[in-house]
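Engineer: sequence plus predicted model, see below.
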Protein chains: 2
Amino acid sequence: MKQNIYDNNEFFQQYKALRARENNYNNLLEQPNFLTLVPALKDKVVLDIGCGMGGFAAACVNQGARHVTGIDISANMIATAKSLHTYENLTFEQAAFEDLIVPTASIDFISSSLAFHYIADFSQLIKKISVALRSDGILLFSIEHPIATSNKANEYSITDETGNILHFALDNYQNEGLRTQHWLVDNVMTYHRTMSTVLNTLIDNGLKIEKIIEPMPTDEAIAKLPSIQKELRRPSFLIVRARKV
Amino acid sequence: MKQNIYDNNEFFQQYKALRARENNYNNLLEQPNFLTLVPALKDKVVLDIGCGMGGFAAACVNQGARHVTGIDISANMIATAKSLHTYENLTFEQAAFEDLIVPTASIDFISSSLAFHYIADFSQLIKKISVALRSDGILLFSIEHPIATSNKANEYSITDETGNILHFALDNYQNEGLRTQHWLVDNVMTYHRTMSTVLNTLIDNGLKIEKIIEPMPTDEAIAKLPSIQKELRRPSFLIVRARKV
């Protein structure tokens, strides 16, 4: 069964509170890097997978996209997105991408921010994305970094007696698959895949890798949220842009 | 100054002894994976950078290459290579690739096994390789994995009181640059670069990534060399094949 953690009400309320904070890892680290890789969108057809509250999908409309579809498995998210963003050429739909019927070569730009690590079958996902993209179309996605997902559900940092992080632990990198962890609530399921699996899956499905970012916080971000400086030591996110060839 | 650790006689003797063992990380892990990515070599012009004792260069001749050049910065290595392998169309030369004059678009296949992590300026290296490759030519190289190089010169594993590895330490991943470590002798210098730096440098120089391998030991390799099973937890090597486009 597909995980739909964002329709767990306790999780959703906590998640909304987290994102509502002005300074969080999304705003300070993931999004600033992700946005540098968005292609020109004038007259383009866009699909945002795991659109959440719809902010990025709405921004694509504002960048001149012809039509933008945001999908999310969570009814909570889709209801919130619809309440926040209304445009004639913006559609929000509660759906898992796996279940969506997408015409072949119909989309110019597929984006996904921090959602693919919830999906069990990455190979099927990328295959379907590749079919959906037009020739020369772009896939841009971010996931939790393989270095970070490898040790979920295990102690992932080794601290001294005062709580300073001495080392991050890495122990299960080559062991791909489910990691169950506590994040806001118990039993959040993410899937660990190695860097080579992620990138080879793209290549094997006709997607040419154009750019990889392992985001680092700026000095400004560290000033706003000191804890984010741990990202100078170990990346939490991986951002990849690839082109259908 | 370029490092030439293989002309340190103590190092070279120890290295030869290590490689002479039937079961080592090169034979059991790196080479079997590296060799799966070697292209067809019939009538091709080949350059092997950091050719060591010349075994791979000689194998390329046996695979039908038109001409193979093996270069190595170490006089010890080149002398050994010349003593072991003699073919009319095989040349060994003591040289650093940085200093070599290579005609533009003159080479079909450039290989390098576990040498690039000794080179300080990766960007210049890859730029020069890209210029030297013919259109559609292949670069195949292995390096120490960024996960492994990041914590060189620091404790890289956390063990329990009986010496079992609980976790591998990762702490300086985003801090690229020189790592000085003890390996056979003191003060062996390697350069840590992140995965994104390695791959983006290829892409930025017109090389299309075709395949990435983070080698895992086979059951047979583990039976021959039990210590190698740590590779099931943390990769030591990274192998990349890319094509000049």
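Structural biologist: Structure received. In this text the structure is predicted, and so the values were computed from the model without any measurement. Residues are numbered from 1 along each chain as shown, chains lettered A, B, ... in the order given.

Engineer: ranges for the strands of chain A?
Structural biologist: A:45-49, A:67-72, A:90-94, A:107-113, A:133-144, A:157-159, A:165-170, A:177-183, A:185-192, A:207-213, A:237-244 (DSSP state E).

Engineer: what residues of the worst-scoring helix or strand of chain A on mean pLDDT count as buried?
Structural biologist: Every helix and strand of chain A was ranked by mean pLDDT, DSSP states H and E. The lowest is helix A:9-20, at a mean of 79. Buried residues in helix A:9-20, counted by 16 or more other CB atoms under 10 Å in any protein chain shown: A:11-12, A:15. In this view, the C-beta of every residue, glycine as well, is placed from N, C-alpha and C.

Engineer: swap in stretch A:110-130?
Structural biologist: A:110-119, A:122, A:125-126, A:128-130.

Engineer: try stretch A:64-82
Structural biologist: Result for stretch A:64-82 [16+ other CB under 10 Å]: buried residues A:65, A:67-74, A:76-78, A:80-82.

Engineer: returning to that earlier point: now distance to chain B and mean pLDDT too, for the strands of chain A, in TSV please.
Structural biologist: Rendered in TSV, the data for the strands of chain A read as follows (distance: least, CB to the nearest CB, whole Å; pLDDT from 0 to 100):
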stretch	distance to chain B	mean pLDDT
strand A:45-49	22	98
strand A:67-72	28	98
strand A:90-94	32	97
strand A:107-113	18	98
strand A:133-144	13	98
strand A:157-159	6	83
strand A:165-170	4	86
strand A:177-183	13	83
strand A:185-192	13	84
strand A:207-213	4	98
strand A:237-244	8	98
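
Engineer: among those, which comes closest to residue B:44?
Structural biologist: Comparison of the strands of chain A against residue B:44 by CB to CB identifies strand A:207-213 as nearest, at 24.1 Å.

Engineer: extract the CA atoms of the closest one and return them as CSV.
Structural biologist: Presented in CSV, the C-alpha positions along strand A:207-213 are these (Å, rounded to 0.1, in the frame of the first residue of the first chain):
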residue,chain,number,x,y,z
LEU,A,207,17.4,10.7,-19.2
LYS,A,208,20.7,12.5,-19.5
ILE,A,209,22.0,13.9,-16.2
GLU,A,210,22.6,17.6,-16.5
LYS,A,211,23.4,18.7,-13.0
ILE,A,212,23.7,17.4,-9.4
ILE,A,213,23.6,19.5,-6.3
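
Engineer: re the thing from before, which of the strands of chain A sits closest to residue B:45?
Structural biologist: Comparison of those against residue B:45 by CB to CB identifies strand A:207-213 as nearest, at 26.1 Å.

Engineer: quick one: furthest residue from the center of chain A?
Structural biologist: residue A:161 (34.3 Å; CA atoms, centre = their mean).

Engineer: re the thing from before, farthest-apart pair in the buried residues of stretch A:110-130, please.
Structural biologist: A:114 and A:130 (20.7 Å).

Engineer: between the least confident helix or strand of chain A and strand A:177-183, how many degrees?
Structural biologist: Here helix A:9-20 runs at an angle of 80 degrees relative to strand A:177-183 (axes from the mean of the first three to the mean of the last three CA atoms, to 10 degrees).

Engineer: name the helices or strands packed onto helix A:9-20?
Structural biologist: helix A:75-84, strand A:185-192 (3 or more CB pairs under 8 Å, 6 or more residues apart in numbering or on different chains; DSSP states H and E).

Engineer: and the ones you listed as CSV, adding distance to residue A:134?
Structural biologist: Formatted as CSV, the helices and strands packed on helix A:9-20 follow (distance: least, CB to CB, whole Å):
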stretch, distance to residue A:134
helix A:75-84, 25
strand A:185-192, 28
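
Engineer: nearest to residue A:234, of these?
Structural biologist: strand A:185-192 (14.8 Å).

Engineer: so which bits of the closest one are buried?
Structural biologist: For strand A:185-192, by 16+ other CB under 10 Å, it's A:188-192.

Engineer: strand partners (parallel or antiparallel) of that strand?
Structural biologist: strand A:177-183 (antiparallel) (DSSP bridges).

Engineer: quick one: residues in contact with the partner strand.
Structural biologist: A:120, A:149, A:152-153, A:187-192 (CB atoms under 8 Å, 6 or more residues apart in numbering or on different chains).

Engineer: one more pass at 10 Å, please.
Structural biologist: By CB atoms under 10 Å, 6 or more residues apart in numbering or on different chains, the surrounding residues in contact with strand A:177-183 are A:5, A:11, A:14-15, A:18, A:117, A:120, A:144, A:148-154, A:156, A:172, A:186-193.

Engineer: and the most centrally placed residue in chain A, what does it touch?
Structural biologist: Per CA atoms, centre = their mean, the C-alpha nearest to the average position across chain A is that of residue A:114, at 1.6 Å. By CB under 10 Å, 6+ apart, the contact set of residue A:114 is A:25-26, A:30-31, A:34, A:50, A:52, A:141-144, A:236-237, A:239.

Engineer: so residue A:52 touches residue A:85, yeah?
Structural biologist: No. Judged on CB atoms under 10 Å, residue A:52 makes no contact with residue A:85 at a distance of 11.3 Å.

Engineer: who has more neighbours, those two?
Structural biologist: Shown here are residue A:52 and residue A:85; by other CB atoms under 10 Å in any protein chain shown, residue A:52 has more neighbours (23 against 20).
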